[in-house]
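Colleague: Sequence plus predicted model, see below.
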2 protein chains.
Amino acid sequence: MIDIKDYIESIGKQARDTSVEIGRVSTVKKNQALENIAESLNLSRTEIFEANKKDMSESSRKGLDAALLDRLELTQRRFDEMLLGLRQVAALTDPIGEISDLKYQPSGIQVGRMRVPLGVVAIIYESRPNVTVEAASLCIKSGNAAILRGGSEAINSNQAIAKSIEQGLLASNLSGKTIQVLDRSEREAVGHLVAMPEYVDVVVPRGGKGLIERIQREARVPVIKHLDGNCHVYVDNDADLDKAFNIIINSKTQRYGTCNTLESLLVHRSIAEQVLPRLALSFESLGVEVRGCEEAIQLMPGSILANAKDWSEEYLAPVLSVMLVSGLDQAIAHINVYGSQHTDSIITNDLQKAQKFLREVDSSSVMVNTSTRFADGFEYGLGAEIGISTDKFHARGPVGLEGLTSQKYVVFGDGHIRQ
Amino acid sequence: MIDIKDYIESIGKQARDTSVEIGRVSTVKKNQALENIAESLNLSRTEIFEANKKDMSESSRKGLDAALLDRLELTQRRFDEMLLGLRQVAALTDPIGEISDLKYQPSGIQVGRMRVPLGVVAIIYESRPNVTVEAASLCIKSGNAAILRGGSEAINSNQAIAKSIEQGLLASNLSGKTIQVLDRSEREAVGHLVAMPEYVDVVVPRGGKGLIERIQREARVPVIKHLDGNCHVYVDNDADLDKAFNIIINSKTQRYGTCNTLESLLVHRSIAEQVLPRLALSFESLGVEVRGCEEAIQLMPGSILANAKDWSEEYLAPVLSVMLVSGLDQAIAHINVYGSQHTDSIITNDLQKAQKFLREVDSSSVMVNTSTRFADGFEYGLGAEIGISTDKFHARGPVGLEGLTSQKYVVFGDGHIRQ
């Protein structure tokens, strides 16, 4: 068995080599490849399910928890969604080669920008084997070569899927190395993968905070990431209280484990009595634990006193922190200190306050009168999502195909020279 | 004297603190600050010239070379251009707060993107004290706090300029710490400055390759940079040869020391006899040394044989390498191997070949029938330029105000919840 570092380097070199081909290929051919991969996956359905069963039984033997086992499992429905996803990505407009803002300049030259692939994208994720197909499809469509590293618990599923992806690529006369799925599960592999700027242009880690923190620490290439989603709703004294109620319940309870779930509610003191007792009843019946500030717990029967740590916490669970504030300024200040720059929403009918909130809350998604649960590439019309970035460099917010591209300048002249 | 690391950290912390204010301030106030800085510089003209004379005499005593001394010198004309530059930046459209692509989604929510500052920008440069004003103005306009680190040889000029910038900011009721110019010249300072991700969001190094390589190596934050500009012109067999001639002469000789100057000429073999002898005459009279491949030197009297290193060389001098190629494919392959992803131009009247060149040459500026000397933020209509990036992450090509910003998502609803 060759050394893990050499192995990762050889994968990186192959990715860099094939990135030239996939970066230049026509839209027709890229879409054909996505269709061929869907067909090839469908033909290998039985083998892939067998591989997945192997992962499932090994993982449950190792005592993997129920939530992880659920993510690991490929059901018929998930499999069909995977195939549908490939066709949806094929239907998206090709971002590559798009020329925008082509304008004549005073010198007579015409200057615009052409969208180009980033080159080689490394994606590191846990459990869910359908991410392998999703990530592959987005990289192919955006003209990037990809190196995919799934969780070790999904290695049999991912290898079976990788085989189908390779067959689909080859059937389209594209290099089978365009998408490489690592077949070695050493933890060390990730460390090497994120430290090869000569072969990898960007890393997208998807998974728990621990994984992402580690990658951020070790990476020597740019990382598209978010660490956590401590999302806020601020109910202003000029809010429509029925809308506020519905948005809060939806933001908190539509799903508990997602990064755009509401974790901390801020309420204007002057309307707290109208808002909180009603919410307390609903949360009690829905089984949501409320941790409030001293004033909030007075108005919310069954709630408990929050401690200092609660304001920074991403619960990913039926738990919510609640704080009364004196107004918009305190709400904005609180969110900018305790939030995670993910998604924050104001409920108000006051235009100036809405504008101030949108402008001054330093988060990747800022919302007015809307559920935080909408922070999602599909809901934003991106057609797909490779991840969410809470950073400001390159991409911010949900990242779709465009986030996997860059823009170069194109200049047209007719013999123009500079005076 | 406090420890240099503590000093840089305290500068970083102040920058982070003031970045909130400058990020929120109105367009009117930012433009007022630029005007006040121009006035304050003008009032301190005498002091600034005295400081600059001190730098000049100390540097010439230390034996700084003539080119560097020239860049260091503040003439009346350069000073006036500095003031004009401030007013030009004030006249640019404010990028911050701009909302684009606001569209209704199927759920009924309206989603768009708002342009936001990056936060804290560190700019590291050599000699030219006018860069201090230029960099400050671009950061103020784009709503960023800045830490500026000029060359040690310009420290007196930069400190005098810094005083005027601070006065201009204070006169506009903005924090004087919005723009901080380091007043300590230890080499170590740069190392600390580029390794504080908690305080600095991006580093823009401007200067020689040595400086930039060092920063790239040591940086723990994103870097907007180009290492060098080995720019190509490829003369296709379908070129208009008069236009080709003029573009080549302009690209090579309009200025020798700039990063967008032509360094390597590729000529289609079938037209070499029509192109090269005429060029050889002109280059001889202009004092440009030609280093050619074996075939090229046969057609260019006075030229010498190039060695392997010449194809990768950025001469920044009256020297040009010349190679004959068999056609477009070889030209593209050569540029992608030996070029520096800066600026490359094709001279052709053939549409398909022009399109293929634009698409497949992997450079930050790709051009058709135009001089490489146009690769510049002002010529591209950006109104300003903080630097040129040959990377693909975040910004590529000349970087103006937009490159110092990011975009967050804004979402409007009217009580919308996710189904």
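Modeller: Looks like it came in fine.
Colleague: Which positions within stretch A:170-188 qualify as buried?
Modeller: Counting neighbours by 16 or more other C-beta atoms under 10 Å in any protein chain shown, one finds that the buried residues in stretch A:170-188 are A:171-172, A:174-182. To be clear about C-beta, it is placed using only N, CA and C from the backbone, and glycine gets the same treatment.
Colleague: For the residue nearest to residue A:83 when sequence neighbours are not counted, which three-state class applies?
Modeller: Ranked by C-beta to C-beta, 6 or more residues apart in numbering or on different chains and with sequence neighbours excluded, the top spatial neighbour of residue A:83 is residue A:38, at 4.7 Å. Look at residue A:38: counting by DSSP: H, G, I helix; E, B strand; the rest coil, its state is helix.
Colleague: Alpha carbons of the longest strand along chain A, in CSV - could you do that?
Modeller: Selection of the longest strand in chain A by residue count, based on DSSP state E, yields strand A:405-416. Only the C-alpha atoms of strand A:405-416 are listed here, as CSV (Å, rounded to 0.1, in the frame of the first residue of the first chain):
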residue,chain,number,x,y,z
THR,A,405,-16.6,29.9,-10.6
SER,A,406,-14.5,33.0,-11.0
GLN,A,407,-14.6,35.8,-13.6
LYS,A,408,-11.8,36.8,-15.9
TYR,A,409,-11.7,39.9,-18.0
VAL,A,410,-12.2,39.7,-21.8
VAL,A,411,-11.2,42.7,-23.9
PHE,A,412,-12.0,43.2,-27.6
GLY,A,413,-10.3,45.8,-29.7
ASP,A,414,-9.7,46.4,-33.4
GLY,A,415,-6.0,47.2,-33.3
HIS,A,416,-6.3,49.5,-30.3
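Colleague: that older thread, residue A:81 is in contact with the residue nearest to residue A:83, correct?
Modeller: No: look at residue A:38 against residue A:81 with C-beta atoms under 8 Å: they stay out of range, at 11.6 Å.
Colleague: So those two - more neighbours on which side?
Modeller: Using other C-beta atoms under 10 Å in any protein chain shown, the more surrounded residue of residue A:38 and residue A:81 is residue A:38, with 22 against 15.
Colleague: In contact with residue A:54, which residues?
Modeller: By C-beta atoms under 8 Å, 6 or more residues apart in numbering or on different chains, the residues touching residue A:54 are residue A:156.
Colleague: Residue A:265 now?
Modeller: Here residue A:265 is in contact with A:232-233, A:235, A:248, A:252, A:279, A:320-323 (criterion: C-beta under 8 Å, 6+ apart).
Colleague: residue ranges of the helices in chain A, please?
Modeller: A:4-24, A:27-43, A:45-61, A:66-72, A:76-91, A:130-141, A:155-171, A:188-193, A:209-218, A:241-253, A:272-286, A:294-299, A:328-338, A:351-360 (DSSP state H).
Colleague: ok, and for the second one, which residues are buried?
Modeller: Going by neighbour count (16+ other C-beta under 10 Å), the buried part of helix A:27-43 is A:30-41.
Colleague: Same question for stretch A:288-304.
Modeller: Neighbour counts over stretch A:288-304 (16+ other C-beta under 10 Å) mark A:288, A:290-293, A:296-297, A:299-300, A:303 as buried.
Colleague: closest to chain B among the residues you listed?
Modeller: residue A:288 (16.0 Å; C-beta to the nearest C-beta).
Colleague: Surely the closest one and residue A:254 touch.
Modeller: No: if you go by C-beta under 8 Å, residue A:288 and residue A:254 don't touch, sitting 12.0 Å apart.
Colleague: which residue lies farthest from the center of chain A?
Modeller: What lies farthest from the middle of chain A is residue A:419; by C-alpha atoms, centre = their mean that is 47.8 Å.
Colleague: contacting residues around it?
Modeller: Here residue A:419 is in contact with residue A:107 (C-beta under 8 Å, 6+ apart).
Colleague: coming back round to it: next step: the buried residues of stretch A:288-304 restricted to strands.
Modeller: Using DSSP E, the buried residues of stretch A:288-304 in strands are A:290-292.
Colleague: I'd like to know which elements the helix or strand bottoming out on mean pLDDT in chain A is packed against.
Modeller: Least confident helix or strand, chain A: helix A:66-72 with a mean of 89, by mean pLDDT, DSSP states H and E. Under the contact definition 3 or more C-beta pairs under 8 Å, 6 or more residues apart in numbering or on different chains; DSSP states H and E, helix A:66-72 sits against helix A:45-61.
Colleague: okay, the helix it packs on in CSV with CA atoms only?
Modeller: This file holds the C-alpha atoms of helix A:45-61, laid out as CSV (Å, rounded to 0.1, in the frame of the first residue of the first chain):
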residue,chain,number,x,y,z
ARG,A,45,-28.9,0.3,-8.1
THR,A,46,-28.7,-3.3,-6.7
GLU,A,47,-24.9,-3.1,-6.1
ILE,A,48,-25.1,0.3,-4.6
PHE,A,49,-27.8,-0.8,-2.1
GLU,A,50,-25.8,-3.9,-1.2
ALA,A,51,-22.8,-1.7,-0.5
ASN,A,52,-24.9,0.7,1.5
LYS,A,53,-26.3,-2.3,3.6
LYS,A,54,-22.8,-3.3,4.3
ASP,A,55,-22.0,0.2,5.6
MET,A,56,-25.2,0.2,7.6
SER,A,57,-24.5,-3.1,9.3
GLU,A,58,-20.9,-2.2,10.0
SER,A,59,-21.8,1.1,11.4
SER,A,60,-24.6,-0.1,13.6
ARG,A,61,-22.2,-2.8,14.9
